Structure formats: C-alpha cells, structure tokens
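S.K.: predicted structure and sequence below. I'll ask about it afterward.
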Amino acid sequence: MQNLSRRGVLTLGAALGLAGAAVPANAWAWSSAGSIAGTDTVTDPWAVWDDATDPLVASLLDNGQIPAVNTAFQSWVDNGDPLPAGLPGALTTYLQDVNRLPSWADPVKLAAAAKFNKRMSLYLFLLYGLGSGIMSTVIPREARNVYYSAGGADMKSRAAKTFTYGYDLSAENAFLPSGHFVTTSNKTRLTHAAVRHLLPKSAKWRSVTDNPIPISNGDILITFHSLGTFVHRKLKSWGIRMSAAEEAAYLHQWQVGLHLLGVRDDFIPATWAAADDQSNYVLTPLLGPTSEGIDLANILLGLVAQVDGGLTRGIQREFARYVLSDKIGDWLRLPRDFVARGLIEVGWPAYVAFQEGLSPIVPAGFDVIDKLVRGIAMLFLNNGTSATYTPITIPTGNRPGA
C-alpha cells in the first residue's frame, strides 16, 4: 500500500474511466508546519494508510480469525480493562503498543473537554446528527465506502455504532480508565483496516470509486473536518460562548482521537486556524451528490423520525438544510417545508439566546425545536447506555451482493 502514490491512484482512476471522482483540484499543499508535529514538510495524506494495522488485520481475515476476535472483544469495553485472553499473539502485541494515549496528550485539556462536552451536549448532538451525519452522505468516498461495506446493508446498526463512537468521545470519563473511548477507537481502527482489505474485492464499489484503497489518512481527516471543525465553526457562528481554553480543549480531544485512529501527527492540525485552512482545502471542494449518499441520507433522517414519531420530519429536514445549505439539501432531494424553515429562521436564534441565558423570553416554537433537539440527543444516549450499547465489530465481508 505504501508504494501506491497519489498520482498512481489518479492515473488508475482515469484509465478506468471513473466519473465523478472527488479529488482535490490541486496537488496537496498543506504544510505540516501547521500540525502538532510542527515540522515543515508536504506529504500527501491520500497516499498514506495504516502500515501498523493493515497487514495484521488482512492476515486475521485471511486466516478466518476475526469471528473469534469479535467474541473476545465483547468483554473489552472500558479503557482500563485488560486485553482479553485468547487473542492471536500478533494482535495482542499490536494492542499492547497502541492501546494508550499519545505522549503529548494533556490530561488537563481532556478533562476540560469533558466539561465542555457536557455543557454543549444538546448543540453537539444536534450538529453531529443533522449536520455531520447528513454531511457524510455528500462526501462521495465516505458515502460509497459505507454503502458497499457490510454496514451499509444495515444502516440502523451502522448508525448505532457511529453514535457509540460519538457518545464515548463526548462522555465525561471518555479518556479515563472507566471510559470507553480509547478502546472504541482501537476497535474502529481495526475495522477501518478490515474495510481497506475487503472493499477492493467488491466489483460494485470498484466501479464507482476513484481510490483503489479506501480510508486513507486523508479520508479520515475529511471525516474529522465534517465533525469537529464543522461543529466548532457552527458554535462560533451561533454566538455560543466559548473561552479560548474551552476551544483548545475541544480541539485537543479530536487531536487525540485522530492519533488513536492511526492518523500521522504531521497531518493533525495544531490550532483551529490550521484546521480551518486544511478543511477549506480537503472538505468543501470534495462534497457532491451520489445515489448511494441520497439513499443513506433518507435512512438516517428516518431514524430521527422514529424517535419522535415523525412529528418533526419537516423541521428536521429543513434544519439539515439550515446548518448545511440548501445546495446540499437539493443534492439529497430533501422535500421542502417552508413553514418549518420559517420557524427555524426565527426560532433557532431565539432558542439559542434563551438556552444561553441571553434572553428571558421563551421563543415561539420552543417546544417543536426542543423536541427535535432532544430527539437527536436520544439517538446518541440510547445507543451509548449500557442497556443498549452497540459494540463495534470487525467485518468479515462487504454488503451482500456488492
């Protein structure tokens, strides 16, 4: 994998006549001077995968060992849990090396991030659900990777696993021994490696993709910007009060999260300014509609409707348009509800002002908006509690028929 250059990927895509390739218009030019590594080099993240993990997982898959690994992982949930017995020796050795925070992780900032997440919980759940979640369906590579992988055949389960990751990151004890995020990240990293091994075997996926190997470091960075950077920008644009220390702490949890997923430190932005610069380059120009993404968006929005009985279906679609843009809403063919949009345009800023203590007046439409916000929150919380915890499992195949 490490020998496949970005130019080689593009040349192969052109040779196969792939349409709609979502790649940067210019060669990668973001300097790692803006990264936490602080070096000054230019390395293409779309030509970097996960050399520490990919060969190991490919071997486990080829030898039929993944089902036993998934069974053993059922008892491995808390960060402080010992590694389960009975794992293949190579996997145990690997986990002993990666199942820890990076040396540069700051426990003070991580604790501050936990407090920030709790204070911002309603905004975060809403933006992760109707913002980032729907945005993922207009990131062509991500939408196609999800659709043709095993998770695409059962989006309710796939969404639950995504919510589990988000819940574990947002939990007050996320990085403590009693939390789950380090363990969840390691399982996710192994899952990514499995998908990298399995998806290239899918004829249908190969017919629509522009990258012969999915989920590069560049692709994971795109996902980060659709989550952390997007949410940070929205909170600031809504006038949510955040101290400089809180903003730095929120970024730091994502920096640690990216590291745990196998992203190289020289790709991880050191500041929000560097993140914004990188996002403008790697995320916004790559957005676009796909038939797979349209299907996934409808399924995800349907999950929200199940929580609130469909009472806010119009407002949830219009809120997705509100936070993402009508252009994206049109790409996804989201039906319009102009009454709901009018309520959002007037009611949401007033709702934020009321929630933030900036206005004593309960805004018109408060109950409807509050129902939407809490419905999204319930999707996270229902999939993050011990009673309904959805374990992340390593796949052994692709979407049936793919």
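M.R.: Structure received.
S.K.: how much space separates Asn79 from Pro177?
M.R.: When C-beta to C-beta, to the nearest Å is applied, the distance between Asn79 and Pro177 equals 5 Å. Every residue, glycine included, has its C-beta placed from N, CA and C.
S.K.: which of those two has more neighbours?
M.R.: Using other C-beta atoms under 10 Å as the criterion, Asn79 and Pro177 rank with Asn79 on top: 23 against 10.
S.K.: pLDDT wise, what is that one at?
M.R.: pLDDT for Asn79: 96.
S.K.: so what pLDDT did the closest residue to it other than its chain neighbours get?
M.R.: Setting aside the residues directly before and after it, Asn79 is nearest to Val182 in space (C-beta to C-beta, 6 or more residues apart in numbering), at 4.3 Å. Confidence at Val182, expressed as pLDDT, is 97.
S.K.: cool, Asp154 as well?
M.R.: The pLDDT attached to Asp154 in the predicted structure is 79.
S.K.: ok, it - how many residues close by?
M.R.: 13.
S.K.: again with the one 4 residues further on
M.R.: When neighbours are counted by other C-beta under 10 Å, Arg158 registers 20.
S.K.: centre of the chain to stretch 77-91, how far?
M.R.: If you compare the mean C-alpha spot of stretch 77-91 with that of the full chain, they lie 25 Å apart, counting by C-alpha atoms, centre = their mean, to the nearest Å.
S.K.: start and end of that stretch, how far apart?
M.R.: 17 Å (C-alpha to C-alpha, to the nearest Å).
S.K.: check for me that Pro360 belongs to a strand.
M.R.: No: under DSSP: H, G, I helix; E, B strand; the rest coil, Pro360 falls outside any strand and is assigned coil.
S.K.: could you say which helix or strand holds the residue lying closest to it once chain neighbours are set aside?
M.R.: If you skip the residues right next to it in sequence, Pro360 has Phe354 as its closest partner in space, 7.8 Å away by C-beta to C-beta, 6+ apart. If you go by DSSP states H and E, Phe354 is part of helix 338-355.
S.K.: list the helices and strands that helix packs on?
M.R.: In terms of contact count using 3 or more C-beta pairs under 8 Å, 6 or more residues apart in numbering; DSSP states H and E, helix 338-355 is assigned the packing partners helix 313-324, helix 366-382.
S.K.: 10 Å - rerun?
M.R.: Contact partners of helix 338-355 among helices and strands, from 3 or more C-beta pairs under 10 Å, 6 or more residues apart in numbering; DSSP states H and E: helix 121-126, helix 313-324, helix 366-382.
S.K.: out of these, deepest packed?
M.R.: Taking mean count of other C-beta atoms under 10 Å as the contact definition, the stretch among the helices and strands packed on helix 338-355 with the greatest mean neighbour count is helix 313-324, which reaches a mean of 23.
S.K.: show me the residue at the heart of the chain, geometrically.
M.R.: Within the chain, the residue whose C-alpha comes closest to the C-alpha centroid is Thr223; the distance, by C-alpha atoms, centre = their mean, is 4.9 Å.
S.K.: give me the element that one is part of.
M.R.: When secondary structure is defined using DSSP H and E, the element that contains Thr223 is helix 217-224.
S.K.: now do that helix: which elements does it pack against?
M.R.: For helix 217-224, the packing partners by 3+ C-beta pairs under 10 Å, 6+ apart come out as helix 140-148, helix 181-198, helix 244-260, helix 272-282.
S.K.: so who does the residue nearest to Asn79 touch?
M.R.: Shown in contact with Val182 (C-beta atoms under 10 Å, 6 or more residues apart in numbering): 78-80, 98-101, 168, 174-176, 256-257, 260.
S.K.: got those residues as JSON lines, with secondary structure and distance to Gly86 columns?
M.R.: Formatted as JSON lines, the entries for those read as follows, by DSSP: H, G, I helix; E, B strand; the rest coil; distance: C-beta to C-beta, whole Å:
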{"residue": "Asp78", "secondary structure": "coil", "distance to Gly86": "18"}
{"residue": "Asn79", "secondary structure": "coil", "distance to Gly86": "20"}
{"residue": "Gly80", "secondary structure": "coil", "distance to Gly86": "19"}
{"residue": "Val98", "secondary structure": "helix", "distance to Gly86": "19"}
{"residue": "Asn99", "secondary structure": "coil", "distance to Gly86": "16"}
{"residue": "Arg100", "secondary structure": "coil", "distance to Gly86": "21"}
{"residue": "Leu101", "secondary structure": "coil", "distance to Gly86": "26"}
{"residue": "Asp168", "secondary structure": "helix", "distance to Gly86": "24"}
{"residue": "Ala174", "secondary structure": "coil", "distance to Gly86": "27"}
{"residue": "Phe175", "secondary structure": "coil", "distance to Gly86": "27"}
{"residue": "Leu176", "secondary structure": "coil", "distance to Gly86": "26"}
{"residue": "Val256", "secondary structure": "helix", "distance to Gly86": "29"}
{"residue": "Gly257", "secondary structure": "helix", "distance to Gly86": "28"}
{"residue": "Leu260", "secondary structure": "helix", "distance to Gly86": "24"}
